[in-house]
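> Show me the folded form of this:
(chains A and B, ligands or ions: 3)
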Amino acid sequence: MWKYKKVILVKDTDTGKETVRFSELFNSALRDRGLDGEVQVIRSADINVYNQGIVVKIIPGNITYSKVEEKDIDLIVRKSIKKEEALKEIQIDPKDKQVRIVLRNCGIIDPENINDYISVDGYKGLKKVLEQNDRDKVIAEIKISGLRGRGGGGFPTWMKWSFAKDQKNDTKFIICNADEGDPGAYMDRSVLEGDPHSVLEGMIIAGFAVGAKKGYFYIRAEYPLAIARVELAIKQAREKGLLGNNILGTQFSFDLEVRLGAGAFVCGEETALIASIEGKRGCPSPRPPYPSISGLWGKPTVINNVETLANISPIMHKGGEWFAEIGTERSKGTKVFALTGKVENSSLIEVPMGITLKEIIYEIGGGVLNNKKIKAVQTGGPSGGVIPEEYFDTSIDYESLQNLGSIMGSGGMIVMDEDDCMVDIAKFYLKFCVDESCGKCAPCRIGGKQMLELLTEISEGKATFEQVDKLKLISKAMQKASLCGLGQTAPNPVLSTLKYFEQEYVDHIKDKKCVSGKCEALFIYEIIQDKCKRCSLCQRNCPVEAIPGDRDKGYAIDQKKCIKCGKCFEVCKFEAVNR
Amino acid sequence: MKLTLNNFDEETKNVKKNNKNWIKVGLSTCGIAAGADVAFATIKKVLQENGSDVEVIRTGCAGKCYAEPLVEVKIEGMPQVVYGNVNEEVATKIVQKHVMGKQLINDHIYLVKDA
Ligand SMILES: Cc1cc2nc3c(=O)[nH]c(=O)nc-3n(C[C@H](O)[C@H](O)[C@H](O)COP(=O)(O)O)c2cc1C
Ligand code: SF4
Ligand code: SF4
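Residues are numbered from 1 along each chain as shown, chains lettered A, B, ... in the order given. Ligands and ions are numbered 1, 2, ... in the order given. Sure, this is the predicted structure:
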């Protein structure tokens, strides 16, 4: 038996500093009323409500109070502990903003045990599909659900399946795209590691719907644990008769094989991925023909993202209508995001489409790290863009994000604050694309490199406004003439930072200043005389003797000699060196 | 035993032994990088030392990356909680204080699932 009857969770959700004091206050109030043997007061590490002062939660019953003050404590003990009454004035009703479909089992079941998956309605979607034994019905259900591809493009899943189904061909393929190459993204890895069977089941259903007998899991080799768990899942599914010949005793046969990607970003592009499975170099080829018509070895091939496939089983099991009730008019269901960057709670989240960035950052993410000023959110990685704070009320759906000059992307979401320089961000993503370009087509191969050179000049204060015009011009050419999505979208981070943060470009070009303090070539190190304690540490550490002076006269940095190594900035114990 | 459309319901009805008491440890790449394998091993070891038969279950990532390693504890009659930042010391405490002592632990609760 539990040692107590109730627990009071206490958390200072502003600074965290008052948690200890308030829990002591609760303890003494309980002692005063002789309740300390019945109620345990706990300092909570997270109470899932943010920036609302002292928050208190009483379990059982889940009564939550916010902005609790000292004067409320005795009242809470008398009313909500001794009796079961709630103090209406300070009570709040925090709602979980997340909706878990794709991540429904992640963190809940043992991913290495097929019985765990089966015990939570696993393979019931497949069972229903095989009982109905009607391929058109499966596709109709997916159509009703409104599911769109989660790999970035947002193409309607039912349409892809339908094209492949209608091809008259004895050999067809299903491919699961688990290449996940965006910097900062780990959504697909988490699904494969946390619930591999959900993706398997989606693939088997896809195989039935389009008439494929064989499927490939294309997983990047850098994901050894995901690979191991998928391989184990395949083995267990075969043993149970859920994969292989005569699945669940029916006429339908389908099997799966794992193929490893060598970690090139471009191999996530569907035509390059197909080439890679065929044993060729992972280079994109022109579309059409689309893979659904002519894909792997020239056969009709459905290629879907991990997250897209993890949605299939619940849709078949619970119905397309159920799914379509979640989300917006044109973007149904949920989206998984890897929320990272300057946010308090870096986390893997799943939210209904239509939620706002504000809700995500402040109500799930817990706000901006260290209470700094937020600048923007980046979505879509190297193919996406930045969204400035003014637009944080925008609904998250495919179209709205595109209208803002970004994209939904596969789910990277990076919070950026005042210390992030937008020119530097643009440069980072562009450099990524230049490094990852396969070099097959000129607009991407040459254009990308030229853009990177221009951006580098801007970040070093060596550019004029002409460079910006050139950037825009090359962007257009790359968007229009590149062979694949990599080159077509590579200019997006540049264009969107230019669109919303033009002033930062102007600062770099005209004033040769990087206000965020990121672009090293533009740093000017200076000693703030008021703060300097004349300890001489910077002078002794400067590798080029650029800091003349002595303890009497003080120290100053000779800008002509300074090589901007930042050593003085690092060593000064009094924050007297500015940059 | 292979499943078929006919035996599916019957065969899958009781696949899961309904354990009243269990501890789940998030063992994905992210959790392991933060030390979840240490938490997992410690919890198993200390449970054994205490002669407890509480089941320890490996799971994937529950999403609260900022608080990895994550450990969820369900002990009958007690609130079901998720502990975060579970290092070796906290893992030991989870067994000694929570499982054996039937009390919750300070400073590491990240979520209480309604009790
Ligand atoms: C450069 C590039 C990289 C891509 N990387 C991925 C990836 O890692 N995972 C993915 O699912 N889709 C990726 N895609 C999109 C795929 O080409 C394809 O559209 C997607 O896998 C289709 O699945 P969906 O309809 O389920 O979204 C990438 C596209 C491009 C242009
Ligand atoms: S756009 Fe870039 S990555 Fe794509 S085919 Fe052309 S060179 Fe290769
Ligand atoms: S290290 Fe700092 S305090 Fe010491 S002399 Fe240099 S600027 Fe002044």
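> Would you enumerate the residues in contact with the nearest residue to residue A:169 once chain neighbours are set aside?
Leaving aside its chain neighbours, residue A:169 sits nearest to residue A:300 (5.5 Å; criterion: C-beta to C-beta, 6 or more residues apart in numbering or on different chains). In this view, the C-beta of every residue, glycine as well, is placed from N, C-alpha and C. Applying C-beta atoms under 8 Å, 6 or more residues apart in numbering or on different chains, we find residue A:300 in contact with A:163-164, A:167, A:169, A:172-173, A:210, A:291-294.
> List buried residues within these.
Burial of those was assessed by neighbour count (16 or more other C-beta atoms under 10 Å in any protein chain shown); the buried members are A:163-164, A:167, A:172-173, A:210, A:291-294.
> would you turn these into a markdown table with distance to residue A:405, pLDDT and secondary structure?
A markdown table is the format used below for the buried ones among the contacts of residue A:300 (distance: C-beta to C-beta, whole Å; pLDDT from 0 to 100; DSSP: H, G, I helix; E, B strand; the rest coil):
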| residue | distance to residue A:405 | pLDDT | secondary structure |
| --- | --- | --- | --- |
| A:163 | 30 | 97 | helix |
| A:164 | 33 | 97 | helix |
| A:167 | 37 | 96 | coil |
| A:172 | 38 | 98 | coil |
| A:173 | 36 | 98 | strand |
| A:210 | 35 | 98 | helix |
| A:291 | 28 | 96 | coil |
| A:292 | 29 | 96 | coil |
| A:293 | 32 | 95 | coil |
| A:294 | 33 | 94 | coil |
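> Point me to the residue of chain B nearest ligand 2.
Distance from ligand 2 to each residue of chain B (C-beta to the nearest ligand atom) is smallest for residue B:29, at 27.5 Å.
> Hmm, that residue is touching residue A:228, no?
No - judged on C-beta atoms under 8 Å, residue B:29 makes no contact with residue A:228 at a distance of 10.9 Å.
> if we can go back for a sec, tell me the predicted confidence for the residue of chain B closest to ligand 2.
Reading off the per-residue confidence, residue B:29 sits at a pLDDT of 93.
> out of everything not next to it in sequence, what's closest to it?
Excluding the flanking residues, the one nearest residue B:29 by C-beta to C-beta, 6+ apart is residue A:225, at 5.3 Å.
> ok, then the element right after the helix or strand in which that neighbour is found?
Under the criterion of DSSP states H and E, residue A:225 resides in helix A:224-239. Reading on from helix A:224-239 to the C-terminus, the next helix or strand found by DSSP H and E is strand A:255-261.
> Name all residues that make contact with the closest residue to residue B:5 other than its chain neighbours.
Using C-beta to C-beta, 6+ apart and skipping the chain neighbours, the partner closest in space to residue B:5 is residue A:248 (5.0 Å). When the contact criterion is C-beta under 8 Å, 6+ apart, the partners of residue A:248 are A:126-127, A:130, A:241-242, B:3-5, B:8.
> List only buried entries from those.
Neighbour counting with 16+ other C-beta under 10 Å marks A:126-127, A:130, A:241-242, B:3-4, B:8 as buried within these.
> before we move on, back to that, per-residue confidence at the residue nearest to residue A:169?
With respect to pLDDT, residue A:300 scores 97.
> what's the answer for the one 10 residues further on, then?
Reading off the per-residue confidence, residue A:310 sits at a pLDDT of 98.
> how many neighbours does it have?
30 (other C-beta atoms under 10 Å in any protein chain shown).
> Likewise for the one 4 residues further on?
Counted with other C-beta under 10 Å, the neighbours of residue A:314 add up to 22.
> so it touches residue A:320, yeah?
No - Residue A:314 sits out of contact with residue A:320 when judged by C-beta under 8 Å, with a separation of 10.4 Å.
> now stretch A:275-285, how far from the chain's geometric center?
27 Å (C-alpha atoms, centre = their mean, to the nearest Å).
> was I right about residue A:138 contacting residue A:313?
No - at 11.7 Å, residue A:138 does not count as touching residue A:313 under the criterion of C-beta under 8 Å.
> Give me the common contacts of those two.
The contact lists of residue A:138 and residue A:313 share residue A:205, where a contact means C-beta under 8 Å, 6+ apart.
> quick one: buried residues of stretch A:88-99?
Using 16+ other C-beta under 10 Å as the burial criterion, the residues of stretch A:88-99 that qualify are A:90, A:94, A:97-99.
> What is the lowest-pLDDT residue among the residues you listed?
Taken together, the buried residues of stretch A:88-99 show their lowest pLDDT at residue A:94, with 90.
> which SS class is the closest residue in space to residue A:413 that isn't next to it in sequence?
Nearest non-adjacent residue to residue A:413, counting by C-beta to C-beta, 6+ apart: residue A:337, 4.4 Å away. Using DSSP: H, G, I helix; E, B strand; the rest coil, the three-state assignment for residue A:337 comes out as strand.
> before we move on, back to that, give me the local confidence score for the residue nearest to residue B:5.
Among the per-residue scores, residue A:248 shows a pLDDT of 97.
> So it versus residue A:133, what's the distance?
11 Å (C-beta to C-beta, to the nearest Å).
> same check, this time on residue A:384
From residue A:384 over to residue A:133 (counting by C-beta to C-beta), the distance is 42 Å.
> neighbour-wise, which of those two wins?
residue A:384 (29 against 13).
> quick one: which helix or strand includes the spatially most central residue of chain B?
Of all residues in chain B, the one closest to the mean position by C-alpha atoms, centre = their mean is residue B:24, 1.8 Å from it. Element membership for residue B:24, per DSSP H and E: strand B:22-26.
> After that strand, which helix or strand is next? Please name it.
Proceeding C-terminally, strand B:22-26 gives way to helix B:29-33 as the next helix or strand, assigned by DSSP H and E.
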